[in-house]
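1. model the structure of this input:
(chains A and B)
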Amino acid sequence: MAKRIDVSDLDIYYGKFLAVQGVNVSIEPRSITALIGPSGCGKSTFLRSINRMHEVIPGARVEGKVVMDGQDLYAPDTDPVTVRRQIGMVFQRPNPFPTMSIYDNVAAGMRLNAKKMSKAATDELVERSLRGANLWEEVKDRLDRPGSGLSGGQQQRLCIARAIAVEPDVLLMDEPCSALDPISTLAIEDLMTELKERFTIVIVTHNMQQAARVSQQTGFFNLNGVGQPGRLIEFNPTEKIFSNPDEKATEDYISGRFG
Amino acid sequence: MSTSTAQGPATDVAPAPEQRPGGRLPRWAPWAAFVAALAVAYLVGLATSTNVVLLVIYTVVIGTAGLYVASRIVEGPRRAVDRLVTCLVSSAFGIAMVPLVSLAYEVIRRGVLRFDGEFFGASLVGVIGEGGGAYHAIMGTLIITLLTTLISVPIGLLTAIYLVEYGSGRLKRAITFFVDVMTGIPSIVAGLFAYALFVIFFGAGIRLGIMGAVALSVLMIPVVVRSAEEVLKLVPNELREAAYALGVPKWRTIVKVVLPTAIAGLGTGVTLAIARVIGETAPLLVTVGITNGTNLNPFEGRMATLPVYAFYQLTQPGVPPENAIDRAWTAALILIMLVMGLNVVARLISRFFAPKTSR
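-> Model prediction:
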């Protein structure tokens, strides 16, 4: 079910401010694509524009094309809600629904979309998703407790379980491990490697070792200066980026000689 | 003040090189100061003609001054100022409590005289002098308040949802402005508005329970909008984004995520808004009028309500006046109990519906 995403000449605006300029990239199905770059260079903005979460912010808009397996995501007749059902997202800060139990949080994608499921099927889905997020063993005895009672790392894994429970085609992750301890991070990375058999995964990360470990393709974003739009400087296979990048800026950033 | 050293966190505890004479006043010092002040005030009172209020004022002033001087001599200026300000703040609290306590005391003392079964069971039909009750007024207040709530909560809540979730630009600013203006409308104006509105359809002199509900809604809607708006703004944006990212449409996000998250605050806001209008008198005087019999149909004829009942019992008590005045006090007591009950309900709502964070 994993799908290919082609982005061409994408300009992303916040009101009049051009935040990201001229992105051209092809994201391969059944692989992990990592986006790296300094803070404020537009990685997250670009990520959010893939599933049309960008336009939730008032005044934000996009010019250019994002095509997923031939389907133009920004076509006038495309419903952003449908896009978001196909392209799931995990956020930087864990955001479980405070009014729902752990169980309900995982089932939220189905419940909120009013999909009718039998109790057994829901149980199975919740267990599978929680196991997938490496959280099952920790919460299986308290599925009816509030999700906000978990630790930060557990909450993030709960959010990942919630996102994969709706079985999207593509999974976007905005620094999903920045709140996790190394063991949980490792579990998430293993999970991503597992999930890439079924999903297309795009991950924004500040952790370059993580990008090197898990991804097959890496994109490097940078901006020329404050107030300038961010650009995709280089997009190459991960091995090439980390061993022999085409651009000097990429090499400087990766080797820590940035700026 | 007395210390010239830097105000590090430990200066207070450590034996700093500080010129503080002596040590501390004993714990009973403030009490002793005020008892002594009371004695002095009493002596002064004997010398001059005085009353209880003056005695209290003398005691507080003399006690505060005495405590300050004693503390300054024994403990140094810094602690003396601390004690002075403590006394001032406590006095301010005491002054603020005076009207509240005296009101509650007076209403309870005079209200319990007729706080009996007949008051809750009987109306005023055929009552001259003793006896009679406010059954009709209690039911009228409950019915009209319920109708007001039914009108105001949907309108107010939807307006707040529009303002927080959808509104932008000029329309949003205009609505916010008019809601602000409406919060300041004098209640009699709301009553006249409802009266003028119904006169168009039913002719002059019309009195209906529903008119009162409309008038009270004019007062209640802005309160509901304001409180609901504040509460909805508190719902973190991340929750909305989390729902959007799951492919949930906006309206479902609002219904299933935003409103449940804010339900405690919304319930509290609505309850307090009800408490705000339940005691309104002027608009009901104009729109609902008063009657001695029980009328439970808000769409036909006059109804009695507790505030208006109390007003008429007090202003037109008949002969002898004592019985009616007693009934007015009891009506006031019931009104206060209703408002207090609503406040308790608001607290319970915010406690039981708040998002749970316990493990």
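
2. B:Val319: neighbour count?
-> The tally of other residues near B:Val319 (other C-beta atoms under 10 Å in any protein chain shown) stands at 9. Heads up, the C-betas are built off the backbone N, CA and C, glycines and all.

3. so it sits in a helix?
-> No - membership of B:Val319 in a helix is not supported by DSSP: H, G, I helix; E, B strand; the rest coil, which gives coil.

4. from B:Ile128, how far out is it?
-> Distance check for B:Val319 against B:Ile128: by C-beta to C-beta, to the nearest Å, it reads 9 Å.

5. got it, and B:Thr294?
-> 18 Å.

6. tell me the bridge partners for the closest residue to A:Gly40 other than its chain neighbours.
-> With sequence-adjacent residues excluded and distances taken as C-beta to C-beta, 6 or more residues apart in numbering or on different chains, A:Gly40 is closest to A:Leu223, at 7.2 Å. On the basis of DSSP bridges, A:Leu223 is bridged to A:Gly230.

7. okay, now A:Leu223: neighbour count?
-> Neighbours around A:Leu223, by other C-beta under 10 Å: 19.

8. what sits against the residue of the stretch 201-350 of chain B found nearest chain A?
-> Closest to chain A within the stretch 201-350 of chain B is B:Gly247: 2.9 Å, counting by C-beta to the nearest C-beta. Residues in contact with B:Gly247, defined by C-beta atoms under 8 Å, 6 or more residues apart in numbering or on different chains, are A:Val81, A:Thr82, A:Arg84, A:Arg85, A:Gln86, A:Gly109, A:Asn113, A:Val166.

9. what's the answer for A:Leu191, then?
-> A:Gly132, A:Ala133, A:Asn134, A:Ile160.

10. just the element for it, please.
-> helix A:182-195 (DSSP states H and E).

11. repeat that for A:Gln92.
-> Per DSSP H and E, there is no helix or strand for A:Gln92.

12. can you tell me the closest non-neighbouring residue to whichever residue of chain A sits closest to chain B?
-> Residue of chain A nearest chain B, by C-beta to the nearest C-beta: A:Arg85 (2.9 Å). Of all residues not flanking A:Arg85 in the chain, B:Gly247 sits nearest, at 2.9 Å (C-beta to C-beta, 6+ apart).

13. helix, strand, or coil at the one you found?
-> With three-state DSSP as the criterion, B:Gly247 reads coil.

14. backbone phi and psi for it, please?
-> B:Gly247 has phi and psi values of phi 80, psi 30 when expressed as degrees, to the nearest 10.

15. for it, give me the pLDDT.
-> In the predicted model, B:Gly247 carries a pLDDT score of 87.

16. for B:Val107, same thing?
-> pLDDT, B:Val107: 93.

17. can you name the element that comes right after the host helix or strand of it?
-> Taking DSSP H and E as the definition, B:Val107 sits inside helix B:77-111. Proceeding C-terminally, helix B:77-111 gives way to helix B:117-121 as the next helix or strand, assigned by DSSP H and E.

18. quick check: mean pLDDT of that next one?
-> The model assigns helix B:117-121 a mean pLDDT of 88.

19. and the next helix or strand after it, what's its mean pLDDT?
-> Remark: after helix B:117-121, the chain's next helix or strand is helix B:135-161, criterion DSSP H and E. Helix B:135-161 carries an average pLDDT of 94.

20. give me the buried positions along helix B:135-161.
-> B:135-141, B:143-145, B:147-149, B:151-153, B:156-157, B:159-161 (16 or more other C-beta atoms under 10 Å in any protein chain shown).

21. ok, stretch A:70-83 next?
-> Under 16+ other C-beta under 10 Å, the buried positions of stretch A:70-83 are A:Leu73, A:Tyr74, A:Pro80, A:Val81, A:Val83.

22. could you export it as CSV, CA atoms only?
-> Coordinates of each C-alpha in stretch A:70-83 appear next as CSV, following Å, rounded to 0.1, in the frame of the first residue of the first chain:
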residue,chain,number,x,y,z
GLY,A,70,-0.7,10.0,-9.8
GLN,A,71,-3.1,11.7,-7.4
ASP,A,72,-2.5,15.4,-7.2
LEU,A,73,-2.8,16.2,-3.5
TYR,A,74,-3.4,19.9,-4.1
ALA,A,75,-5.9,19.6,-6.9
PRO,A,76,-9.0,21.7,-6.3
ASP,A,77,-11.3,18.7,-6.0
THR,A,78,-9.0,16.9,-3.5
ASP,A,79,-10.3,16.9,0.0
PRO,A,80,-7.5,17.6,2.6
VAL,A,81,-9.3,15.3,5.0
THR,A,82,-8.9,12.4,2.6
VAL,A,83,-5.3,13.2,2.1
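
23. identify the residues contacting the helix or strand encompassing A:Ile241?
-> Applying DSSP H and E as the criterion places A:Ile241 in helix A:238-243. Helix A:238-243 is contacted from outside by A:34, A:208, A:211-212, A:215-218, A:220, A:234, A:246, A:250, A:254, using C-beta under 8 Å, 6+ apart.

24. just those residues: which are in strands?
-> Of these, the ones assigned to strands by DSSP state E are A:Ala34, A:Gln217, A:Thr218, A:Phe220, A:Glu234.

25. how about those in TSV, adding neighbour count and pLDDT?
-> TSV is the format used below for the ones in strands among the contacts of helix A:238-243 (neighbours: other C-beta atoms under 10 Å in any protein chain shown; pLDDT from 0 to 100):
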residue	neighbour count	pLDDT
A:Ala34	26	92
A:Gln217	21	91
A:Thr218	27	92
A:Phe220	27	91
A:Glu234	20	90
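
26. widest-spaced pair of these?
-> A:Ala34 and A:Glu234 (12.2 Å; C-beta to C-beta).

27. circling back to that earlier point, among the contacts of B:Gly247, which ones are buried?
-> Here, 16+ other C-beta under 10 Å leaves A:Val81, A:Arg84, A:Arg85, A:Gln86, A:Gly109, A:Asn113, A:Val166 buried among the contacts of B:Gly247.

28. filter those residues down to just the ones in helices.
-> A:Val81, A:Arg84, A:Arg85, A:Gln86, A:Gly109 (DSSP state H).

29. isn't the third one right up against A:Asn113?
-> Yes - between A:Arg85 and A:Asn113 there is a contact at 7.4 Å, judged by C-beta atoms under 8 Å.

30. overlap in contacts, the two.
-> When contacts are counted by C-beta under 8 Å, 6+ apart, the set common to A:Arg85 and A:Asn113 consists of A:Val166, B:Leu246, B:Gly247.

31. show me which of the residues you listed is closest to A:Met117.
-> Nearest to A:Met117 among the shared contacts of A:Arg85 and A:Asn113, with distances taken as C-beta to C-beta, is A:Val166, at 11.8 Å.
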